[in-house]
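*Asks:* predicted model and sequence below, questions to follow.
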Amino acid sequence: MKIFNSYTNKLETFVPHHPNRISMYVCGPTVYNYIHIGNARPVVVFDTVRRYFEYKGYNVQFVSNFTDVDDKIIQAAKEANVPEMIISEKYIKAFLEDVVALNCKTDYLKPKVTEYIPQIIAYIQSLIELGYAYIIEGDVYFRVSKLAEYGKLSNRKLDDLIAGSRVEINEKKESPLDFTLWKKTEEGLHWHTSFSDGRPGWHTECVAMIDDIFGEEIDIHGGGTDLMFPHHENEIAQSLAKNHHHVARYWMHNGRLNLEGEKMSKSLGNDIKVKDLNIDLKAYRMFLLSTHYRSPLNFSIEALDVFVREWAKITKTVESLHRTLDLHDSLESNVIVTAGDIMEVIDYFLTSMDNDFNTPNALTALNQLMRSINQKMRQKLDYAWLNQALRAINDMLSVLGLEVPLIRLADEDRVLINQWEQARVDKDFALADMLRKKISEKGLL
RNA sequence: GGACCCAUAGCCAAGUGGUAAGGCAAAGGACUGCAACUCCUUGACCGUUGGUUCAAAUCCGACUGGGUCCUCCA
């Protein structure tokens, strides 16, 4: 399969370092607020990547961190007059609730910065010893000039960066490009080290965690394009200095989500919280997957509405297929797909996913299969075909994280539906309407 | 100011050298006891303009219009 590697800017054949095993790390949230719908994009994208790898039989070691040491958390804690931990724990919990609602898996390793302070300090210490970092008045900075390759990931030249007048002016640093590894401070959570009492900068946590957890260059590092510079560039810089590798063999970056054509971010205050969307979030997940993960995506209520309807259609089709088979006592398990038309759709689905996770085309395959299912449901029922179609569509939905919950009919429901059918045959429409109402109220129609 | 990306039907969106997938909306039709659901049919000279090529939405240049990054941000 092919993956677009942001580091080389090329579509590359993906080969994991270890056979059957894939190591993945995705930059997680800074937990000082509820996540907005843009924050949900990488979460859904990389959950889908993981699901596809697992579908293909790989054992995926998935790690995503929580940044729980940060200026904004300190500020929020001050405002609420509580310890920082209260703030971060609250929003970690909220994050996981949103993530579950988006149907993302949560059984992955979730390291927190506060749990990784010794490793982060040790990492910084090594960088100092290797001459890649220097201490000034208790602050520790990374010496960018020592690394010839700096700027390769984000594809920019050092001269341009310096020329850009927006680079922070800090008299203490050797160069304006040097970034903070450790900040001397008495404010908020801080720790004692030989350089000073303070706390880590943002850029070391991910590499320290990856180093500790995986102990080697990982297969995939993911995150939003806006993290490419400086965050990921700085991760690579530190890793090259200390471990002589680029953190990950494949770097994946998802495009931004914009709101009505404008950038959405917490700092601009125009963000919509995931928890405020007020819809079945699988519809939102589907919306996110309807555009290729690397393209920018424009959010609007109208665009989302399309997928609210689409999701309803999927739900209805799959439920109806399952119920039809159930009603006729024809549900089979461990079905193997042999029907040519279904195999063709599966093939299109897999080819699409193999091509740098082309989920829009994967959704096209899903639509094709749905149409076939709805066609066959109006004809004389072919149970073997329908079982295969159910298997196929469930597999696809599971890869995309769009599973439709299916439950077997209770005996009383089965009776009810049969009575309704009979009443219609008998043309007893008063009874039929009454039964239909009952069935409908049970959500079985 | 610097770097980079994008521009396909009313809307969303694949396709990245060989004569335009899919979805939504719209219109017409079918099915149905009434409904709902569903099914069928109908739509594009691929922003403008030069060039390369037997052949370009697809490659190169210019222009126009959007967007992202350079600062915390997913």
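*Replies:* Nice, thanks for sending it over.

*Asks:* so where do the strands sit in the stretch 101-250 of chain A?
*Replies:* A:133-136, A:139-142, A:180-184, A:191-192, A:197-200, A:218-224, A:248-254 (DSSP state E, counting those that start in this stretch).

*Asks:* burial of the nearest residue in space to A:Tyr383 that is not next to it in sequence, as a residue count?
*Replies:* Leaving aside its sequence neighbours, A:Tyr383 sits nearest to A:Ser330 (C-beta to C-beta, 6 or more residues apart in numbering; 4.2 Å). In short, each C-beta sits where N, CA and C put it, glycine included. Per other C-beta atoms under 10 Å, the neighbour tally for A:Ser330 reads 13.

*Asks:* now swap in A:Asp395 and tell me
*Replies:* Burial of A:Asp395 is recorded as 15 neighbouring residues (other C-beta under 10 Å).

*Asks:* out of the strands of the stretch 101-250 of chain A, flag the one nearest RNA strand B.
*Replies:* Ranking the strands of the stretch 101-250 of chain A by proximity to RNA strand B (C-beta to the nearest atom of the strand) places strand A:218-224 first, at 2.3 Å.

*Asks:* contacting residues around that closest one?
*Replies:* Contacting residues not belonging to strand A:218-224 are listed as A:3, A:16-17, A:22-27, A:41-42, A:45-46, A:49, A:210, A:231-232, A:235, A:247-256 [C-beta atoms under 8 Å, 6 or more residues apart in numbering].

*Asks:* of these, list those near RNA strand B.
*Replies:* By C-beta under 7 Å from any atom of the strand, the members of the contacts of strand A:218-224 lying near RNA strand B are A:Cys27, A:Arg41, A:Pro42, A:His231, A:Asn254, A:Arg256.

*Asks:* just put the residues you listed in a markdown table and tack on distance to A:Gly201 and neighbour count.
*Replies:* Shown next, in a markdown table, are these (distance: C-beta to C-beta, whole Å; neighbours: other C-beta atoms under 10 Å):
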| residue | distance to A:Gly201 | neighbour count |
| --- | --- | --- |
| A:Cys27 | 15 | 20 |
| A:Arg41 | 25 | 20 |
| A:Pro42 | 22 | 26 |
| A:His231 | 10 | 18 |
| A:Asn254 | 24 | 27 |
| A:Arg256 | 24 | 17 |
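
*Asks:* need the max-distance pair from those.
*Replies:* The span of those, defined through C-beta to C-beta, is set by A:Arg41 and A:His231 at 16.5 Å.

*Asks:* need the buried ones from the contacts of strand A:218-224 selected in ChimeraX.
*Replies:* Buried residues among the contacts of strand A:218-224 (16 or more other C-beta atoms under 10 Å), as a ChimeraX selection:
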select /A:3,16,22,23,24,25,26,27,41,42,45,46,49,210,231,232,235,247,248,249,250,251,252,253,254,255,256
